[in-house]
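J.: curious how this folds, go ahead:
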Amino acid sequence: MAISSDLIKDLRERTGAGMMDCKKALEENNGDIEKSVTYLREKGLAKAAKRAGRETGEGKVISYVHGNGKTGVILELNCETDFVANNSDFEALGKEIALQITAMSPLYVSETEIPASEIENESKVQKALLEQEGKKPEQIEKILPGKLKKYYEDICLLNQKSIRDNSKTVNDLLQEAIAKFGENITIRRFARFQVGGQ
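T.: The predicted structure follows:
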């Protein structure tokens with residue numbers, strides 16, 4: 001099937017993928033643009049998974065102050081090269097993540113940063129609450145992982161659902177950016193400030 005340049009342009013605008021990747025996606029999907037978007041997304045996420053773990057020594061420190069000036073965030077977003085660090089879309093990603101932190105107040109970037117003692121304490125609290133509800137030990141064992149998962153979603157930035165799109169987590173946004181830019185991207189650290197807060 002012949003693929004028109006207009007179709008390729010449309011797909012490029014929607015996905016940010018390269019021209020040859022868009023042409024191949026359209027050929028593989030008989031010119032169906034929706035299927036081609038899904039195809040590119042799946043391919044991109046697969047590539048992103050392969051890039052995880054590559055060193056990210058470049059990046060930017062990005063700040064965001066909420067409209068009323070009472071809340072602000074400083075974020076270190078890392079990538080592999082200066083080329084990506086200086087891309088306006090990379091900075092826009094950082095602003096989006098900083099906005100998420102401002103709105104949702106996570107405490108950690110990921111689950112791996114939570115001290116073991118804090119997880120143990122939360123497990124005890126949740127067990128006690130379930131016991132008060134009259135749950136049996138075998139029921140508690142089944143329910144507890146779900147309670148902890150919800151706890152991680154509340155306090156870990158990567159586990160949180162995006163404030164703009166509840167169907168995606170912040171980690172999903174990061175994986176999409178890795179697929180788009182073609183290199184590993186990580187959130188190293190952040191600090192959230194609030195007037196009168198700790």
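
J.: okay, CA-based contacts and neighbour counts for the rest of this
T.: Will do.

J.: quick one, domains of the protein?
T.: Domain segmentation of the chain under the TED database yields 5-50, 58-110+156-194, 115-154.

J.: and these, which is most packed in?
T.: domain 58-110+156-194 (a mean of 18; mean count of other Cα atoms under 10 Å).

J.: so where do the helices sit in this protein?
T.: When secondary structure is read from DSSP state H, the chain shows helices at 5-15, 19-28, 33-51, 82-85, 88-104, 116-132, 137-155, 170-181.

J.: got the domains of the chain as a markdown table, with mean pLDDT columns?
T.: Shown next, in a markdown table, are those (pLDDT from 0 to 100):
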| stretch | mean pLDDT |
| --- | --- |
| domain 5-50 | 80 |
| domain 58-110+156-194 | 93 |
| domain 115-154 | 92 |
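
J.: follow-up on the earlier one: would you reformat the helices of the chain as JSON lines and include distance to Ile74?
T.: What follows is the helices of the chain, written out as JSON lines (distance: least, Cα to Cα, whole Å):
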{"stretch": "helix 5-15", "distance to Ile74": "29"}
{"stretch": "helix 19-28", "distance to Ile74": "35"}
{"stretch": "helix 33-51", "distance to Ile74": "25"}
{"stretch": "helix 82-85", "distance to Ile74": "16"}
{"stretch": "helix 88-104", "distance to Ile74": "7"}
{"stretch": "helix 116-132", "distance to Ile74": "25"}
{"stretch": "helix 137-155", "distance to Ile74": "17"}
{"stretch": "helix 170-181", "distance to Ile74": "17"}
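
J.: for Lys70, find the nearest of these.
T.: helix 88-104 (10.3 Å; Cα to Cα).

J.: angle of the closest one against helix 170-181?
T.: Orientation check (axes from the mean of the first three to the mean of the last three Cα atoms, to 10 degrees): helix 88-104 against helix 170-181 gives 180 degrees.

J.: which helices and strands does helix 88-104 pack with?
T.: Applying 3 or more Cα pairs under 8 Å, 6 or more residues apart in numbering; DSSP states H and E, we find helix 88-104 packed against strand 58-65, strand 71-79.

J.: can you lay out these as CSV showing distance to Gln175?
T.: What follows is these, written out as CSV (distance: least, Cα to Cα, whole Å):
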stretch, distance to Gln175
strand 58-65, 16
strand 71-79, 12
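
J.: and of the ones you listed, who's closest to Leu26?
T.: Nearest of those to Leu26, taken as Cα to Cα: strand 71-79 at 29.8 Å.

J.: can I get the closest one in PDB? Just the C-alpha atoms.
T.: The C-alpha trace of strand 71-79 is given here as PDB (Å, rounded to 0.1, in the frame of the first residue of the first chain):
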ATOM      1  CA  THR A  71       4.400  26.500  46.900                       C
ATOM      2  CA  GLY A  72       7.500  25.700  44.800                       C
ATOM      3  CA  VAL A  73       9.500  22.700  43.600                       C
ATOM      4  CA  ILE A  74      13.100  22.200  42.500                       C
ATOM      5  CA  LEU A  75      13.700  19.100  40.400                       C
ATOM      6  CA  GLU A  76      16.800  17.400  39.000                       C
ATOM      7  CA  LEU A  77      15.900  15.600  35.800                       C
ATOM      8  CA  ASN A  78      18.700  13.700  34.100                       C
ATOM      9  CA  CYS A  79      19.400  12.400  30.700                       C
END
